[in-house]
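**Q** How does the following fold in three dimensions:
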Amino acid sequence: MKKFMTLMALFSLGAATVAWSETREETQNRLDNAATVLHEVMATPDKGIPEEVLDHAKCVAVVPRMIKAGLVFGGENGRGVATCRTEHGWSAPVFFAITGGSWGLQIGVEGVDLVMIFQGDKGMQRLENAKFQLGADASAAAGPVGRHATADTDWKLNTEILTYSRAKGAFAGLTLTGADVRRDDSSMDAFYGHDVSSHRVLRGEVETPAAAKRFINAVKEAKVQAHAAN
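**A** From the prediction side, this is the model:
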């Protein structure tokens, strides 16, 4: 019973954290941590995101250290950052929060790095609309892992969002059905200093702040790292 209460307290803390306001420094840390996650994931031999998936990506989102907690029932809570392709390169970042629940035989609390690859214009529109549920509003599936993904075309044809996770050094596709994704208003205000729409940011209408360059460069370099692995 004591362990159960501990897990629930941690989960509740994670849920509350998503709702708290965030400072400019904290958004900067999130961007830097997201860049580090991408670099480390792509540097993993034979276990990174396939080059073909990155070629096909419309948007890339990273949630560094998402908290997963469970004792029969469980949940996920985290705050992430995303960028989308525009005519002039990758857009300035938008900030979002992810919360969700799951059911199954599970126990424990752990931090998980989450990467989401949004495919096509529909996937991009999900981020612009700033509120959707994986599996209900947007089709989502565990993404293929390895050097190449051409053998199985289902990931390209039938899925809006490919999801990946890294926990305890292991990187693999992740099924995250039922999680809610929404705009992180407090982080957007802290980073941009004024009310700016996700649509304008992701369409390239907002200049990328210098503080976001490391994350944007990590997204650009992910494909280079995938190609170099071949």
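
**Q** ok, V41 - how many residues close by?
**A** 21 (other C-beta atoms under 10 Å). No exception for glycine: its C-beta is placed from N, CA and C like everyone else's.

**Q** What of H194?
**A** Count around H194 with other C-beta under 10 Å applied: 6.

**Q** Can you tell me the SS state at G78?
**A** Secondary structure state of G78, per DSSP: H, G, I helix; E, B strand; the rest coil, is strand.

**Q** What pLDDT is listed against it?
**A** At G78, the model reports a pLDDT of 86.

**Q** From G120, how far out is it?
**A** According to C-beta to C-beta, to the nearest Å, G78 and G120 sit 24 Å apart.

**Q** ok, those two, which is more surrounded?
**A** G78 (25 against 15).

**Q** what's near enough to touch A92?
**A** T83, V201, G204, V206, E207, T208, P209, A212, I216 (C-beta atoms under 8 Å, 6 or more residues apart in numbering).

**Q** most neighbours, which of these?
**A** Most surrounded of the contacts of A92: other C-beta under 10 Å gives T83, at 27 neighbours.

**Q** So that one belongs to a helix, correct?
**A** No - according to three-state DSSP, T83 belongs to no helix; its state is strand.

**Q** ok, it touching I216?
**A** Yes - between T83 and I216 there is a contact under C-beta atoms under 8 Å: 6.0 Å.

**Q** Now for the two: what residues contact both?
**A** What both T83 and I216 touch, as defined by C-beta under 8 Å, 6+ apart, is the set W90, A92, P93.

**Q** Just give me the closest of the residues you listed to T99.
**A** Comparing the shared contacts of T83 and I216 against T99 with C-beta to C-beta places P93 closest, at 19.8 Å.

**Q** So which of the contacts of A92 sit within strands?
**A** T83 (DSSP state E).

**Q** What distance do you get for F118 to H194?
**A** 26 Å.

**Q** cool, G78 as well?
**A** If you measure G78 against H194 using C-beta to C-beta, the figure is 25 Å.

**Q** Equivalent analysis for V60, please.
**A** Separation of V60 from H194 (C-beta to C-beta): 25 Å.

**Q** R30 now?
**A** On the measure of C-beta to C-beta, R30 and H194 end up 19 Å apart.

**Q** so is E25 in a helix, a strand, or just coil?
**A** Secondary structure, three-state DSSP: E25 is helix.

**Q** Start the count at 14 instead of 1 going forward.
**A** Got it, first residue is 14 now, which makes that one E38.
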